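Engineer: pasting a predicted model and its sequence here:
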Amino acid sequence: MINLEKLEKILDKDGIIFLTYGGMLTQSLIVAMTEALEKETKDADLSMGLANKIFTIFIELAQNMMNYSKKVQAEGIDPKGLILVGKTKDGYYYVFSQNIVNENDKILIEDKITKILSSSKEEIKKMYREARKSGKDKHKRGGGIGFYEIAKKSEKIEYEFVEIENGRYYFQFKAIVGRV
């Protein structure tokens with residue numbers, strides 16, 4: 001989990017953080033955070049295109065966190081999660097999330113992201129259209145179309161799984177959105 005020292009390193013390396021939340025997410029919290037994020041993007045005078053990319057990625061990752069938090073909480077595990085939106089010193093906006101997943105979810109997520117990272121933007125768009133059309137991946141934890149949506153809107157994706165214990169991992173995901 002990102003501790004205060006790691007958060008300070010992110011700030012030193014990455015610059016400004018506009019929004020951060022740690023803990024269990026609910027739909028009402030996501031709505032409230034989206035409203036706060038909307039205000040921040042207006043205050044920063046971001047273009048509508050860049051702001052929409054940030055919102056889309058934020059919502060996809062927040063919903064991902066919410067779903068996995070419910071799952072691990074049902075398994076009797078504290079559903080610690082973290083999401084933040086920031087801007088690097090060189091002007092790139094990003095969305096970072098961290099949540100707990102089990103071994104099976106790790107495999108599903110890693111397979112999906114590996115496939116996305118080895119694909120071109122056109123191939124990602126095609127996979128997204130096919131998944132939407134077939135309904136195959138719709139609302140499926142770890143295999144849904146959300147990662148396609150994020151990949152379409154991002155300039156770069158970084159991820160990592162950090163083992164905690166007993167087949168549990170912190171899934172850390174960072175989408176570099178764009179630059180002003």
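Structural biologist: Looks like it came in fine.

Engineer: lowest mean pLDDT among the helices and strands, pick that one out for this structure.
Structural biologist: None of the helices or strands of the chain scores lower by mean pLDDT, DSSP states H and E than helix 4-14, at a mean of 63.

Engineer: after it, which helix or strand is next?
Structural biologist: strand 16-22 (DSSP states H and E).

Engineer: now for the helix or strand that comes right after that next one, which elements pack on it?
Structural biologist: In the C-terminal direction, the helix or strand that comes right after strand 16-22 (DSSP H and E) is helix 27-43. The elements that helix 27-43 packs onto, with contact taken as 3 or more Cβ pairs under 8 Å, 6 or more residues apart in numbering; DSSP states H and E, are strand 16-22, helix 48-74, strand 81-87. Glycine gets a C-beta too; all of them are placed from N, C-alpha and C.

Engineer: residues of helix 27-43 that come out buried?
Structural biologist: By 16 or more other Cβ atoms under 10 Å, the buried positions in helix 27-43 come out as 30, 33, 37, 40-41.

Engineer: residue 52: which of the residues you listed is nearest?
Structural biologist: Minimum separation from residue 52 among these (Cβ to Cβ) is found for residue 41, which lies at 9.2 Å.

Engineer: kindly provide the distance from the nearest residue to the closest one once chain neighbours are set aside to residue 170.
Structural biologist: Of all residues not flanking residue 41 in the chain, residue 51 sits nearest, at 4.1 Å (Cβ to Cβ, 6 or more residues apart in numbering). Residue 51 sits 29 Å away from residue 170 when distances are taken as Cβ to Cβ, to the nearest Å.

Engineer: ditto for residue 133
Structural biologist: Taking Cβ to Cβ, one finds residue 133 at 34 Å from residue 170.

Engineer: quick one, which of the two is more surrounded?
Structural biologist: Between residue 133 and residue 170, counted using other Cβ atoms under 10 Å, the more crowded position is residue 170 (18 against 8).

Engineer: name the element the more buried one belongs to?
Structural biologist: Residue-wise, residue 170 maps onto strand 168-179 under DSSP H and E.

Engineer: quick one: list the elements packing against that strand.
Structural biologist: Packed against strand 168-179 by the contact rule (3+ Cβ pairs under 8 Å, 6+ apart) you find helix 48-74, strand 92-102, helix 103-117, helix 146-153, strand 156-165.
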